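K.L.:
Pasting a predicted model and its sequence here:
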Amino acid sequence: LTADSPEGTWKHVGPVIYSIPWSASTSNIAKYTDFYSVTGLTSGSALPARYKENRNGNQTYGLNAIDPCVFYDEDGKLWMTYGSWFGGLYMIELDKTTGLRNLNHKYEVVGGTSSNAKEDPYMGIKLYGGNHASGEASYIEYINDRYYLFVTYGGLTAAGGYNMRVFSSTSVTGPYKDMMGHDARVSASSTLNSNTCPGTVNGQVGTRLMSYYKWDWMGLAFCAQGHNSVVVDDDGKIFNVYHTRFNGGNEGHQVRVHQMFQASNGGLCTAPFEYCGETLDKTYTMDQVAGWYGTLDHGTGTNYASLAYVSQTKMELKADGTLGGSYTGTWSLNGNKITIKRGSYSFEGYVLTQKAEERNEEVICFTTVANDRSFWGFKKFSEDQNFDESNKPSNFTLGAENNTAAFFTSFSDYYPMQGDGTLEAKFVNYTAGGNNWDNWLLVCCND
């Protein structure tokens, strides 16, 4: 659809690409799609056998025309990526004038089965998956010197295992590989249940941005994060926009924004907390950073079907450059760049200051990435205490519980706020069935 402005009015121009049903008749494919005109086959030609590969009635080679990502590459060409766990994720070049497929860009048959397809005359260039490997929501963004391909594995329900993975390439058309060199394209159906296969929801192919996780002070865990977009702002900041669900027993979700950073090892790491204006313009000393941390090792996944999540552990960054607490190893700091070595993993990333979610308190934290996983942490007040609670009031009840009084007739006593002046109020409706307006009024004033 086209318009002269984002507000419209929008006019229908035409389709860009079709899903080709494996069971469709040749006459219907000719009647309802552009397959024959694009490929150059005659309308009476039989559909090539590779398009009919299927498993339980779902395609293992043919495309699923969903989740488009449209972008310009660094040479000014316009591309669209699309697809899902049927035959995989593909890309085609678009006409910059019309937004439709660029019919001058021809694609060849490179590989003819679901396990080795690399290019297809209709579907274009293969980027990821195939042969029913899980994966959808492709998104490509150029960051510094590389193109990054984001793919979401799993199902989008809370217990579906949704999670974001990253591959990269110096060429817009790939091949896209993760930090360990794994190709994003499925090479053989025999690897589908292996940790070395793309699309294995808890597998090791594709660097995982985050797992199901929960910080200690939070009531619910974040679950099924995915279907993300990425934007690089004019000031160079990288933002990851995605949706998440929770382990609260329903499918309620939020759209969230976290800042991301390109680490020294080329991987992308995500800030531990939601974006709140933080920057990387600070440098830190070993003494400032040393101390006890609450940490999350996102690993390659959890028992997502049971809504299991990564729990907070504690780690000490010792002043002598070694690790304590739950981990052994070493760490080093260069300005705001941090390296944490644990076993065979060398995590690279950044130290920054953020506001801890639900606390509104600034903390020093780190975000790092290595191979197939991300590792986060925030500096604790002490080994066994997340924050300094010494000047904070304990929970209190402001007003009478089970108040069934009439409209504006009951008031609580004044309460002097303590600590840093932050008040978190929870309003509870105790008037079950009562028509008492269900209103609350909170008044705050200075001295």
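P.N.:
All right, it came through fine. Since the model is a prediction, treat every value here as computed from it, not as a measurement. Numbering: from 1, shown residues only.
K.L.:
Distance of the closest residue to residue 361 other than its chain neighbours relative to residue 22?
P.N.:
Residue nearest to residue 361 in three dimensions, not counting chain neighbours: residue 387, with 5.9 Å by Cβ to Cβ, 6 or more residues apart in numbering. (Glycine included, C-beta is placed from N, CA and C.) In this view, residue 387 and residue 22 are 57 Å apart by Cβ to Cβ, to the nearest Å.
K.L.:
Neighbour count: the two, which is higher?
P.N.:
Counting neighbours by other Cβ atoms under 10 Å for residue 387 and for residue 22 shows that residue 22 has the greater number, 20 against 16.
K.L.:
give me the element the more buried one is part of.
P.N.:
Using DSSP states H and E, residue 22 maps to neither a helix nor a strand.
K.L.:
Tell me who's in contact with residue 353.
P.N.:
278, 282, 362-365 (Cβ atoms under 8 Å, 6 or more residues apart in numbering).
K.L.:
change it to 10 Å
P.N.:
Contacts for residue 353 (Cβ atoms under 10 Å, 6 or more residues apart in numbering) come out as 278-280, 282, 284, 336, 362-365, 378-379.
K.L.:
try residue 12
P.N.:
Applying Cβ under 10 Å, 6+ apart, we find residue 12 in contact with 1-2.
K.L.:
hmm, try it at 7 Å
P.N.:
residue 1 (Cβ atoms under 7 Å, 6 or more residues apart in numbering).
K.L.:
go on, residue 186?
P.N.:
Contact partners of residue 186, counting by Cβ under 7 Å, 6+ apart, are 115, 129-131, 133, 197-198.
K.L.:
I'd like those as a markdown table, with secondary structure appended.
P.N.:
Formatted as a markdown table, the contacts of residue 186 follow (DSSP: H, G, I helix; E, B strand; the rest coil):
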| residue | secondary structure |
| --- | --- |
| 115 | coil |
| 129 | strand |
| 130 | coil |
| 131 | coil |
| 133 | coil |
| 197 | coil |
| 198 | coil |
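K.L.:
So which of these is the closest to residue 446?
P.N.:
The nearest member of those to residue 446, counting by Cβ to Cβ, is residue 198 at 58.3 Å.
K.L.:
what separates that closest one from residue 294, distance-wise?
P.N.:
In terms of Cβ to Cβ, residue 198 sits 32 Å off from residue 294.
K.L.:
likewise residue 85?
P.N.:
35 Å.
K.L.:
With residue 257 instead?
P.N.:
Distance of residue 257 to residue 294, given as Cβ to Cβ: 22 Å.
K.L.:
The two: who's more crowded?
P.N.:
The residue with more neighbours, out of residue 257 and residue 294, is residue 294; 22 against 15, by other Cβ under 10 Å.
K.L.:
wait, the more buried one sits on residue 311?
P.N.:
No. Residue 294 is beyond contact range of residue 311, at 10.0 Å (criterion: Cβ atoms under 7 Å).
K.L.:
can you give me the end-to-end distance of stretch 21-28?
P.N.:
Using Cα to Cα, to the nearest Å, the gap from the first to the last residue of stretch 21-28 comes to 10 Å.
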